[in-house]
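[1] structure of the sequence below:
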Amino acid sequence: MKTFKKILIRVFIGLAIVIALFIGLFVVPYFANIVMPWDRAEAIEATLNWGGLADIPESADILSVETAGSMFTREFIVEFQCDSEGLNEWIEQSGLNNIDPIKTEVDQVEYWIDGQEGSIGGHVYIDKANRIVIIDMSWS
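    Got it, this is the predicted structure:
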C-alpha cells in the first residue's frame, strides 16, 4: 500500500509540474502580452502581413518585438534599424512612397496603413536620421 501511495504522489507531482509549465510558458505570456522567443518570427510576419509591408531588410537589426491587446484584439509593435540604402529600399517596396504621411517632422514621418488580412491597420513611424522604423499594427 505504501508503494501505491508513493506512485500516486509522484504522478500527482508530475502532473502539477506539467500543468505549471504549460500555464507559465503558454497561457501567461498570451494574456500578459509577452512575445516568447519561439513566437518572435511569427509576430514579425503577422505585423508585415497585416500592413501589406515588405519583408524587413536582411541588413536590419530587429530592436524589439512587443505585443499588446486582449483576447479579442492583438497588436504587434516591431522596431528595427538598418542602413540608409536598406531603409529606402524597404520604404519603396512597401509602397509607403505612394501614401501621404499623416505627420511629418524633420527626418521623421508617420504613415497610417490600412489593414489587410482582417486587421484594422496601424502606423509606421520612420526616423530617417537614425534609420529606425517602428511598425504598429492591430487586429480585432
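[2] go ahead and confirm Met137 touches Gln116.
    No. Using Cβ atoms under 8 Å, Met137 is not in contact with Gln116, being 9.3 Å away. Using the backbone N, CA and C atoms, a C-beta is placed for each residue, glycine as well.
[3] in this protein, what helix or strand scores lowest on average pLDDT?
    helix 28-31 (a mean of 60; mean pLDDT, DSSP states H and E).
[4] next, show the common contact partners of Met137 and Gln116.
    Contact with both Met137 and Gln116 is made by residues Trp50, Gly51, according to Cβ atoms under 8 Å, 6 or more residues apart in numbering.
[5] could you pull up the mean pLDDT of stretch 127-137?
    On average, the pLDDT along stretch 127-137 is 94.
[6] buried set for the strand or helix carrying Thr3?
    Using DSSP states H and E, Thr3 sits within helix 2-22. By neighbour count with 16 or more other Cβ atoms under 10 Å, helix 2-22 contains no buried residues.
[7] likewise stretch 99-112?
    Across stretch 99-112, burial judged by 16+ other Cβ under 10 Å covers Val109, Tyr111.
[8] tell me how far the closest residue to Ser119 other than its chain neighbours lies from Ile62.
    Leaving out its chain neighbours, the residue that sits closest to Ser119 by Cβ to Cβ, 6 or more residues apart in numbering is Trp50, at 3.6 Å. Distance, Trp50 to Ile62, using Cβ to Cβ, to the nearest Å: 17 Å.
[9] the more surrounded of these two?
    Neighbour count, other Cβ atoms under 10 Å: between Trp50 and Ile62, Trp50 has more, with 25 against 14.
[10] so who does the more buried one touch?
    The contact partners of Trp50, taken as Cβ under 8 Å, 6+ apart, are Phe76, Gly115, Gln116, Glu117, Ser119, Gly121, Gly122, Met137, Ser138, Trp139.
[11] what does the pLDDT read for the fifth one?
    Model confidence at Ser119, expressed as pLDDT, equals 87.
[12] is it in a bridge, and if so with what?
    Beta bridges link Ser119 to Trp139, judged by DSSP bridges.
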